[in-house]
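predicted coordinates and the sequence they were generated for:
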Amino acid sequence: MGYIRITKENIDKEHICCAMSNPQSVKKKEWLKQRFDEGLVFYRSEERGKCFIEYMPAENAWNPILAEGYMHINCLWVSGSLKGHGYSSDLLNECIRDAKEKGCKGLTILSSAKKKGFLADPKYLAYKGFEAADTTDPGIQLWYLPFEKDGNKPQFKECARHPHCDEKGFVITYSDQCPFTYYWVSRLEEAAKQHGIPLKVIHIDSREAAQNAASPVTNFTLYKDGDFVSHEIQSEKKFLALAGIKV
């Protein structure tokens with residue numbers, strides 16, 4: 001199977017795999033358009049489906065990490081009928097080739113000790129030679145694949161090692177990097193309003209804000225009374241259950 005590189009020139013007419021519907025596609029595409037000049041690369045399969053890789057220089061990544069000279073993978077996703085054909089290896093190998101050609105020290109990506117939603121599968125990463133370089137209190141890890149031995153390990157910034165916020169009630173922080181957030185955040189806001197649940201939503205709308213965030217995952221983070229709850233995007237049902245409301 002062939003692959004298509006999404007660029008500023010073709011993004012308006014190309015499908016971007018993970019968008020759920022048109023509004024989400026618009027938000028995600030606008031975010032991508034602003035990142036291409038910062039070195040972002042997006043490849044997807046010619047066949048429609050969730051089969052793509054998105055990566056960019058770690059210095060420009062929307063995560064609070066210190067990984068100068070590395071290429072950071074925002075997302076590597078192959079699912080459904082496209083799994084099991086070696087497509088993830090194709091995409092990863094192209095990223096490795098490109099990163100080496102650009103003189104990078106290696107690759108970085110977010111994962112965990114055990115598989116968690118919206119994070120890379122640690123078993124797959126280990127199989128491909130990645131290692132865990134750093135970890136945070138919630139167990140979110142920064143994995144890396146070094147091209148050179150004895151180099152400095154990438155790490156999380158201190159601000160993200162112990163995720164928390166200073167607000168009472170529920171707080172959601174999110175960015176437009178993932179199209180799912182546009183859909184679910186608005187639904188959670190409406191659910192909170194209907195049930196009288198205190199909820200503050202903070203939109204991370206700049207690279208600087210993302211790189212200094214209190215959570216290692218900037219796509220979506222949920223806090224309750226200042227404590228980290230989850231980096232996984234919540235449905236209304238899950239959110240209401242956390243608030244002690246049965247539906």
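Yes, it's here. Numbers count the residues shown, from 1 in each chain.

please count neighbours and contacts with C-alpha atoms only from this point.
Noted.

pretty sure residue 8 is in a strand, no?
No: using DSSP: H, G, I helix; E, B strand; the rest coil, the assignment for residue 8 is coil, not a strand.

was I right about it contacting residue 34?
No: with contact defined as C-alpha atoms under 8 Å, residue 8 and residue 34 do not form a contacting pair (9.0 Å).

give me the common contacts of the two.
Shared contacts of residue 8 and residue 34 (C-alpha atoms under 8 Å, 6 or more residues apart in numbering): none.

residue 24 sits in which helix or strand?
Assessed by DSSP states H and E, residue 24 sits inside helix 22-35.

buried residues of that helix, list them for me.
24, 25, 27, 28, 29, 31, 32, 33, 35 (16 or more other C-alpha atoms under 10 Å).

residues in contact with stretch 224-240?
117-118, 138, 163-171, 180-181, 184, 187-188, 191-192, 217, 219-223, 246-247.

could you break this structure into its assigned domains?
For the chain, automatic domain parsing gives the domain ranges 3-159, 160-242.

redo these as a markdown table? Include mean pLDDT.
Formatted as a markdown table, these follow (pLDDT from 0 to 100):
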| stretch | mean pLDDT |
| --- | --- |
| domain 3-159 | 93 |
| domain 160-242 | 96 |
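
would you map the helices across the chain?
Counting by DSSP state H, the chain has helices at residues 22-35, 87-101, 122-127, 179-195, 207-211, 236-242.

which among those is found nearest to residue 43?
Across the helices of the chain, residue 43 has its closest neighbour in helix 87-101 (7.4 Å, C-alpha to C-alpha).

name the helices or strands packed onto the closest one?
strand 51-57, strand 70-78, strand 106-112 (3 or more C-alpha pairs under 8 Å, 6 or more residues apart in numbering; DSSP states H and E).

picking up where we left off before, now a ChimeraX select for only the buried ones of the contacts of stretch 224-240.
Buried subset of these, written as a ChimeraX selection, criterion 16+ other C-alpha under 10 Å:
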select :118,138,163,164,165,170,171,180,181,188,191,192,217,219,220,221,222,223
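
quick one: which of the contacts of stretch 224-240 sit in strands?
Judged by DSSP state E, strands contain the following of the contacts of stretch 224-240: 170, 171, 220, 221, 222, 223.

for the second one, give the beta-bridge partners.
Beta-bridge partners recorded for residue 171 (DSSP bridges): residue 200, residue 223.

how close does the residue nearest the centre of the chain sit to residue 56?
In the chain, the residue lying closest to the centroid (C-alpha atoms, centre = their mean) is residue 74, at 5.0 Å. Distance, residue 74 to residue 56, by C-alpha to C-alpha, to the nearest Å: 7 Å.

tell me the contacts of residue 51?
Contacts of residue 51 by C-alpha under 8 Å, 6+ apart are 17, 44, 45, 76, 77, 78, 79, 82, 87, 88.

now, of the residues you listed, which are buried?
17, 44, 45, 76, 77, 78, 82, 87, 88.

between these, which is closest to residue 154?
So of the buried ones among the contacts of residue 51, ranked by how close each gets to residue 154 (C-alpha to C-alpha), first place is residue 76, at 19.2 Å.

any idea what the residue nearest to the closest one when sequence neighbours are not counted is bridged to?
Leaving aside its sequence neighbours, residue 76 sits nearest to residue 53 (C-alpha to C-alpha, 6 or more residues apart in numbering; 4.4 Å). For residue 53, the residues forming beta bridges with it (DSSP bridges) are residue 43, residue 76.
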